[in-house]
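Engineer: predicted model and sequence follow; I will ask about them next.
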Amino acid sequence: MPSMPKLRLSVLSLRYSSWSIRPFLALTAAGAEFEVETVTLPEMGVAVEESGDRLAQHLKAQREKRQGLGSVIGLFPVLHVGDTPIHESLAICEWAADTFPDVGLWPADTLTRARARAVSSEMTSGFSHLRNKLSCQIFARIPAFRPDVETSLEIERVFAICRESLEGSGGPFLFGPFGIVDCMYFPVLTRFRTHGITLPADLEVWAEKVESYSAVNAWRALAMKAPPIPVYDAMVREMGGDPLAAFPSDAT
């Protein structure tokens, strides 16, 4: 049997990047041995004032720089399997499920697996208001935040997906055992915690379960060591929040 190629997961900060968190959780839950490479983008958090053709040229140049840092299309995360890169968070999670089938990152039943893939795909392509209005700032707390109507509707849709999944599987995670759907929806839970979005009582049980899961603990340990990005933390302060309100007081 051929040996596993070296695995290297190139991510943006695990403290701020929800898309980077998702494949990290899947690979860790699968038991994969992989190296984490955190990429720092020179332009991260810098406002761009150009417009029209100049903006297009600027963005093209930035994407080319990112490709030089190991990206495929200028975005992260990227899993390097030996010399072969896999981009897109859900595709990396799929690779983990295929490579470590005994772990059961997808449900075994074909119809249930199709439903799990559907709600995972919905997370990759939807929820634009939620994504734009509820930033991923895992240690921050913004008590005065109030979602607008469009964002509130997307929050309710997340609640409905989680509730229907738990009712169908019986828990303890969204589709029974911890799996890819949990990886896809856990970062949204961190956004809810940051912005003071109250979970329905029936979902709080799942939330506490997933927050204490071993792969999540492994991610959190790395996130605590990630350096702050001042421009992102300044955005939290502008909203009346504290970027370190939930940082463990006993962290070293």
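Structural biologist: Great, that's in hand. Owing to the predicted nature of the structure, the values given are computational and were not obtained by experimental measurement.
Engineer: residues in contact with W206?
Structural biologist: Listed by CB atoms under 8 Å, 6 or more residues apart in numbering, the contact set of W206 reads C162, L166, G171, P172, F173, L174. C-beta coordinates here come from the backbone N, C-alpha and C atoms, glycine included.
Engineer: what's the closest non-adjacent residue to the first one?
Structural biologist: If I follow you right, that is C162. Of all residues not flanking C162 in the chain, L203 sits nearest, at 5.3 Å (CB to CB, 6 or more residues apart in numbering).
Engineer: just the third one next, same as before
Structural biologist: Counting by CB to CB, 6+ apart, G171 lies nearest to W206, which is 6.5 Å off, once chain neighbours are set aside.
Engineer: give me the pLDDT for that neighbour.
Structural biologist: Looking at W206, its pLDDT stands at 97.
Engineer: one more: F76?
Structural biologist: For F76, the model assigns a pLDDT of 79.
Engineer: count of neighbours near it?
Structural biologist: Residue crowding around F76 was assessed by other CB atoms under 10 Å; the count is 24.
Engineer: what of F192?
Structural biologist: Neighbours of F192 using other CB under 10 Å come to 18.
Engineer: quick one, phi/psi of it?
Structural biologist: In terms of degrees, to the nearest 10, the main-chain angles of F192 are phi -60, psi -40.
Engineer: what's near enough to touch it?
Structural biologist: By CB under 8 Å, 6+ apart, the neighbours of F192 are L134, I155, L199.
Engineer: the first one - nearest residue in space that isn't next to it in sequence?
Structural biologist: Right, the one you point to is L134. R191 (4.1 Å).
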